[in-house]
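Undergrad: sequence unknown, structure follows:
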């Protein structure tokens with residue numbers, strides 16, 4: 001079975017964010033760090049070379065594929081910041097309708113800058129997403 005590429009590392013979150021050249025993206029990353037840490041009460045950790053994750057859960061699919069993933073995470077990418085939340089949580093569509101400017105993938109929400117979104121809605125989405133993952137994959 002293939003090894004997961006994105007695993008928790010010992011790399012410095014602060015060093016990673018400080019290396020972001022774009023000042024707005026760097027400032028937004030530090031603000032997201034604070035928001036997600038205060039919302040989840042988990043310390044930030046690097047997952048792979050470019051994802052900042054908070055908390056973790058262990059999953060195993062029916063196919064037998066298993067691994068660990070962060071409960072909530074983000075990655076300040078060149079084009080947009082990726083927010084990694086559960087793909088299905090309570091009131092997701094309703095909250096996204098009030099969220100602000102974003103694009104969405106299966107389990108990612110892409111934002112250009114924090115000024116484009118409602119931070120209080122983001123906090124609600126983080127809480128609901130985290131709770132749904134913890135219910136789906138309870139720790140043993």
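TA: Good, I have the coordinates. It should be emphasised that the depicted structure is a prediction, and the values quoted were computed from it without experimental measurement.

Undergrad: And for the closest residue to residue 49 other than its chain neighbours, the neighbour number?
TA: By the measure of CB to CB, 6 or more residues apart in numbering, the closest residue to residue 49 outside its immediate chain neighbours is residue 11, 7.4 Å from it. Where C-beta positions appear, they are placed from N, C-alpha and C, glycine not excepted. Other residues near residue 11 come to 15 when the count uses other CB atoms under 10 Å.

Undergrad: again, but for residue 85
TA: For residue 85, using other CB under 10 Å, the count is 22.

Undergrad: How about the one 10 residues further on?
TA: Each residue near residue 95 was counted by other CB under 10 Å, and the total is 17.

Undergrad: Surely it is in a helix?
TA: Yes - counting by DSSP: H, G, I helix; E, B strand; the rest coil, residue 95 is found in a helix.
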